[in-house]
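Q: sequence first, predicted model second:
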Amino acid sequence: MSNVPTAAQTLGPSLQRDCITLSRHVLDQLQTFAPEAQDLSALMSRIGLAAKLIARHLSRAGLMENALGFTGSTNVQGEAVKQMDVYANQVFISVFERSGLVCRLASEEMEQPYYIPENCPIGRYTLLYDPVDGSSNLDVNLNVGSIFSVRRQQGDDLDGQAQDLLQNGHQQLLAGYVLYGPSTVLVYSLGRGVHLFTLDPSLGEFILAAENLRIPEHGPVYSVNEGNFWQWEDPVREYIRYVHRHEGYTARYSGALVGDFHRILLEGGVFLYPGTKKKPEGKLRLLYETAPLGFLAAQAGGRASTGTQDLLDVVPSHLHARAPFVAGSPEDVALVESFYAESCSL
Ligand code: AHM
Ligand code: MG
């Protein structure tokens, strides 16, 4: 054995860290160079490229024409579509063209899945995504995010109905989000812990910042739109009355799910978007909003629930199905659930 130090030993840990990119991290996690590992590594790399393109566009949005504001049309959910939604939706499609990875993409902005026919003979995956979540924050230059989830394509989907996507959240192979804040961070999980990357603009690469994030067992923050107080069901109102009456709780709500969830992931607490009287299923969509975040919460030692059922067990009835969402520290989610259980037993 030689006693000559290796380059890595000589140049120190910062060089080591700077070399842990998304694609390498996936291979490190899976500990194999098998075809599926190579596919997932390439897939994460392309998601990273989409995130970089969107981050660049966002950073210049105020300087460009046709980057901010509404397009004048509405999406499948009846919501006004913004220029940025259209741009970011197209970015995810473009980065997967000629990839041989993704046959179908489904997003908040598209009524039906989008097929990339040249990929379908070998593309084994479907990407579900919300290209820009929290887009009302765009007009006031606050944080927004992208959410993504990858599922294995099952069957040939010959009728183009994508019925195989209507499965519970445990079927996700990989999920994550990108938070466009003071810096751009990407958080993902392959079902082997939750890992955080930060975009280094000088390198144009996402570099590993923290591995195996663990959500605190309990946290002080509750994150919910209290403007809906009188629209909620009794259990949620009772929970909010509880936190108002007890010391140690504080409210934080930005109106953009990714940022609000990120705070909970790092500092603990609970995020809630419950059902309302008019919309018992709530606002947030399962397949590309809450199931990916629920997957991350569970992987970080937290929980995600509808209040009465584990969120990852919920089977969507259709592509854009919604469900109430309660996610965060295990103790805080359990506390919210206890108010639901109490109201059932009355
Ligand atoms: P969007 O997908 O149209 O952007 O809506 C989702 C957003 C979430 O980011 C956020 O948690 C929620 O809607 C806020 O809704 P509200 O304004 O009702 O509190
Ligand atoms: Mg959204």
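A: Nice, thanks for sending it over. Ligands and ions are numbered 1, 2, ... in the order given.
Q: up against ligand 1, what does the stretch 1-150 of the chain have?
A: Glu79, Glu108, Asp130, Asp133, Gly134, Ser135 (CB under 6 Å from any ligand atom). The C-beta positions use only the backbone N, C-alpha and C, and glycine is treated the same way.
Q: pLDDT below threshold where in the stretch 1-150 of the chain?
A: 1-2, 7-11, 62-72, 80 (pLDDT under 70).
Q: ah, wrong one, I meant the stretch 201-346 of the chain
A: 345-346.
Q: just to revisit the earlier point, next step: the residues of the stretch 1-150 of the chain next to ligand 1 restricted to strands.
A: Asp130, Asp133 (DSSP state E).
Q: separation between Cys344 and Gln309?
A: Distance, Cys344 to Gln309, by CB to CB, to the nearest Å: 12 Å.
Q: follow-up on the earlier one: can you lay out the residues of the stretch 1-150 of the chain next to ligand 1 as a markdown table showing distance to Tyr249?
A: Listed next are these as a markdown table, based on distance: CB to CB, whole Å:
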| residue | distance to Tyr249 |
| --- | --- |
| Glu79 | 31 |
| Glu108 | 31 |
| Asp130 | 29 |
| Asp133 | 25 |
| Gly134 | 23 |
| Ser135 | 29 |
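Q: Cys344 and Gln309: which has the busier surroundings?
A: Gln309 (13 against 9; other CB atoms under 10 Å).
Q: quick one, what contacts the more buried one?
A: By CB atoms under 8 Å, 6 or more residues apart in numbering, Gln309 lies in contact with nothing.
Q: from ligand 1, how far off is it?
A: The gap separating Gln309 from ligand 1 is 20 Å, by CB to the nearest ligand atom, to the nearest Å.
Q: neighbours of Asp313, how many?
A: Applying other CB under 10 Å, I find that Asp313 has 12 neighbouring residues.
Q: and Gly48, backbone torsions?
A: phi -60, psi -40 (degrees, to the nearest 10).
Q: surely it meets Val185?
A: No. Counting by CB atoms under 8 Å, Gly48 stays clear of Val185, with 11.6 Å between them.
Q: any common contacting residues for those two?
A: Common neighbours of Gly48 and Val185 (CB under 8 Å, 6+ apart) are Phe197.
Q: returning to that earlier point: and ligand 2, which of the residues of the stretch 1-150 of the chain next to ligand 1 contact it?
A: Filtering those for neighbours of ligand 2 using CB under 5 Å from the ion leaves Asp130, Asp133.
Q: of the residues of the stretch 1-150 of the chain next to ligand 1, closest to ligand 1?
A: Using CB to the nearest ligand atom, Gly134 comes nearest to ligand 1 of these, at 3.6 Å.
Q: quick one, what contacts that closest one?
A: Asn143, Val144, Gly145, Ser254, Gly255, Ala256, Leu257, Val258, Gly259.
Q: of the residues you listed, which belong to helices?
A: Mapping the contacts of Gly134 onto helices (DSSP state H) picks out Leu257, Val258, Gly259.
Q: coming back round to it: can you pick the most crowded of the contacts of Gly134?
A: Gly145 (29 neighbours).
Q: wait, that residue sits on Asp133?
A: Yes. With contact defined as CB under 8 Å, Gly145 reaches Asp133; the gap is 5.0 Å.
Q: what's the overlap in contacts for the two?
A: Ala256, Leu257, Val258.
Q: CSV for these, including distance to ligand 2?
A: As requested, those are arranged in CSV below (distance: CB to the ion, whole Å):
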residue, distance to ligand 2
Ala256, 9
Leu257, 7
Val258, 9
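Q: tell me which of these is nearest to Leu173?
A: Lowest distance from Leu173 to the shared contacts of Gly145 and Asp133 (CB to CB) belongs to Val258, with 20.2 Å.
Q: enumerate the positions of stretch 131-141 that are buried.
A: Within stretch 131-141, the residues scored as buried using 16 or more other CB atoms under 10 Å are Pro131, Val132, Asp133, Gly134, Ser135, Asn137, Leu138.
Q: what about Ala291, distance to Ser41?
A: 23 Å.
Q: more crowded one of the two?
A: Ala291 (30 against 20).
Q: which element is the more buried one on?
A: Assigned by DSSP states H and E, Ala291 belongs to helix 291-299.
Q: for that helix, packing partners?
A: Identification of packing neighbours for helix 291-299 by 3 or more CB pairs under 8 Å, 6 or more residues apart in numbering; DSSP states H and E yields strand 144-152, strand 172-180, strand 184-189, helix 257-267, strand 303-305, strand 325-328.
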